[in-house]
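>>> What follows is a predicted protein model with its sequence.
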Amino acid sequence: KLPPGPTPFPIVGNILQLYNKDIKKSLSTLAQEYGPVFTLYFGMKPTVVLHGYEAVKEALIDRAEEFSGRGSFPLIEKVLQGLGIIFSNGERWKQIRRFSLMTLRNMGMGKKTIEDRIQEETLCLVEALKKTNGSPCDPSFLLSCVPCNVISSIIFQNRFDYSDQKFHTLTKYFKENANIVSSPWIQLYNAFPILHYLPGSHNEFFKNFADQKKFILEKIKEHQETLDLNNPRDFIDYFLIKMEKGTNIVTSLTSVLYDEKAFPNPEKFDPNHFLDASGNFKKSDYFMPFSAGKRVCAGEGLARMELFLVLTKILQHFTLKPLVDPKKIDTTPILTGFGSLPPFYELCFIPI
Ligand code: HEM
């Protein structure tokens, strides 16, 4: 009853078939072979991977309610016993989520009150950085105060030096739109997906065959160009999978954030992904680092505001100087598992 996938080994499942330094690559190779919906065994437990925008959107947005369950992690279940927001389910999760969002809003998430507190903290960071007197910083020192890779990624790319007009266009938008600062970074080093799960059987989506047929026909119309109608696997993989209640699901946000249709240079830190022809901020449906649907990150507003304020404050107070030629700096993540680890750099913060 599960979508196709590579044959698992006993006990370890498919773990050995995944290239552990770049799981993103392994997943996209598997998607090419098995289609956008495939099964992987992590140990003895099957997990259905949804790969690419179409499949992820269909689950998280079009079928948000059905896919709002959180997948099971035996160890975490033992520790948390169903408590907390991230790993709970059902009515308990709904209530905790409502309460958390309300509390974050009351704390001022996305509003002036919290902005002032972040500004205060950022000033402490600026003071700490001034004490380095422009000498190269040990990234681990910075890591404790700020995601230094964010800054280095912005500054190190050769087009981002202070004499560059494009850089000035960007700084102009810093003031207007926080997205422009954080989006290229998040697109490149996006967060890991937390498992979702399917609370009901897939068959329950279709009350009867007539509904199912109508649904498929609509889908065919929508996807005429991308679907190979002669290939029965396209249908089976994509629309007619009959997953058991409680099937673990990975919605691969990375596969969406690295989609070349939306981001022509997915492996590069490229702010042009978020700029239109006239240099204005351009939104993309493919930009879903905070996920989407009912389980969308509860701290999105806070995270975006924090990134924006920390970055702009640093750029207002310092000229950043890399130690080597920016062209020689490779921003490729050093590890891409279910999340990505950016490389470390040394850089000088020269007070303005
Ligand atoms: C750049 C920073 C951040 C990124 C990229 C990020 C991304 C994510 C992602 C991908 C998920 C999983 C959504 C899913 O299950 O589909 C998530 C969940 C969550 N995030 Fe964030 N997050 C960030 C910062 C934060 C912050 C600052 C907070 C707290 C204030 C937070 C609180 C949460 C919570 C509570 C959940 C679980 C929501 C639920 O299960 O209902 N996140 N986040």
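Yep, that arrived.

>>> Just give me the neighbour total for the closest residue to the ligand within the chain.
Closest residue of the chain to the ligand, Cβ to the nearest ligand atom: residue 299 (2.1 Å). Where you see a C-beta, it was placed from the backbone N, CA and C, and this is true even at glycine. For residue 299, the count of nearby residues is 14 (other Cβ atoms under 10 Å).

>>> what's the closest non-adjacent residue to it?
Nearest non-adjacent residue to residue 299, counting by Cβ to Cβ, 6 or more residues apart in numbering: residue 104, 6.9 Å away.

>>> Go ahead and report the secondary structure state at that neighbour.
At residue 104, secondary structure determined by DSSP: H, G, I helix; E, B strand; the rest coil is helix.

>>> Going forward, the N-terminal residue is numbered 842.
Right, with 842 as the first residue, what we last looked at is residue 945.

>>> how near is it to residue 1146?
Residue 945 sits 11 Å away from residue 1146, going by Cβ to Cβ, to the nearest Å.

>>> isn't the residue of the chain closest to the ligand right next to residue 950, touching?
Yes: the pair residue 1140 / residue 950 is scored as a contact, 7.5 Å apart, by Cβ atoms under 8 Å.

>>> Next, count neighbours for residue 920.
Residue 920: 10 neighbours (other Cβ under 10 Å).

>>> brain fart, residue 922
10.

>>> which phi and psi does it have?
phi 50, psi 40 (degrees, to the nearest 10).

>>> low pLDDT regions in the stretch 1042-1191 of the chain?
1042-1087, 1178-1181 (pLDDT under 70).

>>> Show me which residues of it sit near the ligand.
Listed as neighbours of the ligand in the stretch 1042-1191 of the chain under the rule Cβ under 6 Å from any ligand atom: 1094, 1130, 1131, 1132, 1136, 1138, 1139, 1140, 1143, 1144.

>>> Mind doing that once more with 8 Å?
Taking Cβ under 8 Å from any ligand atom as the criterion, the stretch 1042-1191 of the chain approaches the ligand at residues 1092, 1094, 1130-1141, 1143-1145, 1147-1148.

>>> Could you list which of the residues you listed belong to helices?
Within these, residues falling in helices by DSSP state H are 1094, 1141, 1143, 1144, 1145, 1147, 1148.

>>> ok, which pair from those residues is furthest apart?
Spatially, the most separated pair among these is 1094 and 1147, at 19.9 Å (Cβ to Cβ).

>>> Looking at these two, which is more packed in?
Between residue 1094 and residue 1147, counted using other Cβ under 10 Å, residue 1094 has the larger neighbour count: 25 against 20.

>>> Show me what counts as buried in stretch 948-961.
Within stretch 948-961, the residues scored as buried using 16 or more other Cβ atoms under 10 Å are 949, 950, 955, 959.
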